[in-house]
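[1] this one's structure only:
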């Protein structure tokens with residue numbers, strides 16, 4: 001199975017909610033094994049925060 005790059009599928013300046021947010025979270029979880037060990041804790045914290053039932057949308061902004 002070939003691993004896809006998240007940046008190829010997710011654009012900046014986009015808001016994720018509902019099913020799109022759920023899919024983003026699933027993709028981030030699948031990608032987690034590719035994150036360096038020294039960044040795993042921060043990466044997991046981010047996933048946990050956006051997975052909270054209190055979060056209804058996430059906006060990804062570009063530079």
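    Okay, I see it. Keep in mind that what you see is a predicted model, and the values were worked out from it rather than measured.
[2] give me the nearest residue to the residue nearest the centre of the chain, chain neighbours excluded.
    Among the residues of the chain, residue 28 comes closest to the average C-alpha position under CA atoms, centre = their mean, at 4.1 Å. Nearest in space to residue 28, with sequence neighbours left out and distances taken as CB to CB, 6 or more residues apart in numbering, is residue 47 at 5.4 Å. For the C-beta atoms, the positions are set from N, CA and C on the backbone; glycine is no exception.
[3] quickly find the element holding the one you found.
    For residue 47, the enclosing helix or strand under DSSP states H and E is helix 40-51.
[4] quick check: mean pLDDT of that helix?
    Helix 40-51 carries an average pLDDT of 95.
[5] mind naming the longest helix for the chain?
    Using DSSP state H to assign secondary structure, the helix with the most residues in the chain is helix 18-31.
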